[in-house]
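Novice: I'd like to go over a predicted model; first the sequence, then the structure.
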Amino acid sequence: MSIGAERSAEGAIAALPAVRPVPSWIAPVFTLLALVTIPWTAYLAVTLPEDIRTRNYRVAWVGFDIGLTVLLLLTAVLAYRGHRHMVMTATATATALLIDAWFDVVTSPTGHDLTVAVATALFGELPLTCLCGWIALQVDRVIARRMRQLARRAERGPRRRWRVRYRR
């Protein structure tokens with residue numbers, strides 16, 4: 001493809017109307033939620049006890065790991081199907097893995113349990129988090145590349161699929 005045609009295709013993409021992926025009220029609402037969370041987190045940091053025994057500790061971790069398993073399976077199924085929504089499940093899986101690593105490390109008692117939690121985070125959860133992030137970015141790039149290809153094709157006009165040959 002020539003440089004002129006490439007610039008022309010980029011111009012065609014730039015000329016397309018901008019599409020908001022979410023309603024305009026989403027960004028301010030989430031900004032407000034984040035700002036409200038800052039003092040709440042500071043309040044918790046000052047008022048929560050250093051050490052606490054809790055009921056349902058096992059249920060909390062098993063429930064979280066079941067959710068993580070569901071996210072991993074959803075990502076796998078959507079990856080197998082080549083579905084564009086894999087971006088969402090890969091991002092959610094990366095987030096859950098990061099949260100899992102964090103709480104495994106900070107809630108583990110010292111000694112062997114802490115060593116296992118740190119090793120699992122460093123060699124299991126964090127690399128898988130990076131992989132899920134890469135998947136999400138890669139799918140996004142593929143979609144963008146496909147959109148550029150479609151814009152170029154639309155710019156060229158309809159393509160003939162066959163040629164009619166006449167006999168003399």
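Specialist: Everything's here; your move. Numbering: from 1, shown residues only.
Novice: what residues are up against residue 98?
Specialist: 125, 126, 129 (CB atoms under 8 Å, 6 or more residues apart in numbering). (Glycine included, C-beta is placed from N, CA and C.)
Novice: what subset of these is buried?
Specialist: Buried residues within the contacts of residue 98, defined by neighbour count using 16 or more other CB atoms under 10 Å: 125, 129.
Novice: what comes up buried for the strand or helix carrying residue 106?
Specialist: Using DSSP states H and E, residue 106 falls within helix 86-107. By neighbour count with 16+ other CB under 10 Å, helix 86-107 contains the buried residues 86-94, 96-98, 100-101, 104.
Novice: can you map out the strands along this structure?
Specialist: With DSSP state E applied, the chain shows no strands anywhere along its length.
Novice: chain neighbours aside, what residue packs nearest to the spatially most central residue of the chain?
Specialist: Residue closest to the average C-alpha location in the chain (CA atoms, centre = their mean): residue 91, at 2.1 Å. Closest residue in space to residue 91, ignoring its immediate chain neighbours: residue 136 at 4.8 Å, by CB to CB, 6 or more residues apart in numbering.
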